[in-house]
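# Provide a 3D model corresponding to the input given below.
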Amino acid sequence: MQLSLESSITAEIVKAIAEFNLIDDGDKIAVGVSGGKDSSFLLYCLKILQLHFKIDFSLQAVYVDPGFEDSKAETNLRDFCNELKVEFKVIQTNIKDYIQTASNPCSKCAHFRKGAVIEYLKEINYNKLAFGHHLDDAVETFLLSIFYSGQLQTLKANRYLSDNQITLIRPLIYLREAQIIKEIEKKNFKIAKSSCPYDDNSARSKIREDFEAFFADEQLFANLISAMREKDKLELWPAKEDYDLLKKKMQSYWK
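Here you go, the predicted structure:
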């Protein structure tokens, strides 16, 4: 396989690595791969960087099999990793049995899969786990947080898990999904359709449908990205006051 990237793609990835301090010399990085476009593209990009960076880091692909049948993901990934000359690890699980009655199966599945990978990384002494989340994912998460939990949160490019001493990194965080799709199609990657019965039925999928116009409008999308940044000036309401104190204050107004 001939490995190459458009200079504009490389620039955005390296910008993220530099700004958020994603890769250090001696890092041992595992890429959480699913067989989908984003994680496959991330593995491809990191392999290129491994070959050309002055920074020396180890690279491995890790796939968590949730137990659904008729998935071509594992076969495709094994072939892909062989072409890239990247070690490929499969973690067998029965996650499907634990999420069938869950109110939010996608979130529960993601939690279990991440946990399975982290336990494996601790066993092999790897210190970083890379996910293929992109800029659209970050904005979607921001909107999900506002509408479904009433909080201002989004995906962090670099997040240290102190309990496990593992750092989560997202090197594609500055890339738009459309850029990734274009590169995947140009390179004719084999992408396995998800065998998960809950695919496309998550809250994230609904956000994508409801806010499609915002994501298509460059200025609106840029404003959402700006809103995710920490700022010195925030005009927000104060933290919610203790109810008992507030009640006493309200009662004090009356004669």
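
# Next, the distance between the ends of stretch 3-11.
Stretch 3-11 stretches 16 Å from its first residue to its last (C-alpha to C-alpha, to the nearest Å).

# got it, and stretch 13-32?
Stretch 13-32: ends 17 Å apart by C-alpha to C-alpha.

# From the chain's centroid, how far away is it?
14 Å (C-alpha atoms, centre = their mean, to the nearest Å).

# any low-confidence regions in the protein?
Filtered on pLDDT under 70, the chain yields the residue ranges 67, 69-71, 96-106, 192-203.

# Where do the helices of the stretch 51-200 of the chain begin and end?
Per DSSP state H, counting those that start in this stretch, the stretch 51-200 of the chain carries helices over the ranges 73-84, 95-99, 105-124, 135-149, 177-187.

# Would you mind telling me which of those is nearest Glu209?
For Glu209, the closest of these is helix 135-149, at 11.0 Å, according to C-beta to C-beta. Backbone N, C-alpha and C define where each C-beta goes, glycine included.

# Using CSV, write out the CA atom coordinates for that closest one.
Extracted in CSV, the C-alpha atoms of helix 135-149 (Å, rounded to 0.1, in the frame of the first residue of the first chain):
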residue,chain,number,x,y,z
LEU,A,135,-14.7,18.2,14.3
ASP,A,136,-18.3,17.3,13.4
ASP,A,137,-18.3,14.8,16.3
ALA,A,138,-17.0,17.5,18.7
VAL,A,139,-19.7,20.0,17.7
GLU,A,140,-22.4,17.3,17.9
THR,A,141,-21.2,16.4,21.4
PHE,A,142,-21.4,20.1,22.4
LEU,A,143,-25.0,20.3,21.2
LEU,A,144,-25.9,17.0,22.8
SER,A,145,-24.5,18.2,26.0
ILE,A,146,-26.6,21.4,25.9
PHE,A,147,-29.9,19.7,24.8
TYR,A,148,-29.7,16.5,26.8
SER,A,149,-27.8,17.3,30.0
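
# Flag every buried residue along it.
135-145 (16 or more other C-beta atoms under 10 Å).

# Dump those residues to a markdown table, plus distance to Ile225.
As requested, the buried residues of helix 135-149 are exported to a markdown table (distance: C-beta to C-beta, whole Å):
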| residue | distance to Ile225 |
| --- | --- |
| Leu135 | 7 |
| Asp136 | 10 |
| Asp137 | 12 |
| Ala138 | 8 |
| Val139 | 7 |
| Glu140 | 12 |
| Thr141 | 12 |
| Phe142 | 9 |
| Leu143 | 12 |
| Leu144 | 15 |
| Ser145 | 15 |
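
# ok, back up a step: include distance to Gln165 when you put the helices of the stretch 51-200 of the chain into TSV, please.
Compiled in TSV, the helices of the stretch 51-200 of the chain are given as follows (distance: least, C-beta to C-beta, whole Å):
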stretch	distance to Gln165
helix 73-84	26
helix 95-99	24
helix 105-124	8
helix 135-149	24
helix 177-187	30
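
# closest to Lys206 out of those helices?
helix 135-149 (9.2 Å).

# so the closest one versus helix 177-187, what angle?
140 degrees (axes from the mean of the first three to the mean of the last three C-alpha atoms, to 10 degrees).

# gap between helix 135-149 and the chain center?
12 Å.

# So which elements touch that helix?
helix 177-187, helix 203-210, helix 218-228 (3 or more C-beta pairs under 8 Å, 6 or more residues apart in numbering; DSSP states H and E).

# Which of those sits closest to Gly36?
Across the helices and strands packed on helix 135-149, closest to Gly36 is helix 177-187 (C-beta to C-beta), at 9.8 Å.

# for that closest one, packing partners?
helix 7-19, helix 37-52, helix 135-149.

# For the first one, buried residues please.
Okay, so that is helix 7-19. Buried, per 16+ other C-beta under 10 Å, within helix 7-19: 9, 12-14, 16-17.

# these two touch, right, Ser58 and Asp24?
No - look at Ser58 against Asp24 with C-beta atoms under 8 Å: they stay out of range, at 11.9 Å.

# which one is Glu140 nearest to, not counting chain neighbours?
Excluding its sequence neighbours, the residue lying closest to Glu140 (C-beta to C-beta, 6 or more residues apart in numbering) is Ile207, at 5.2 Å.
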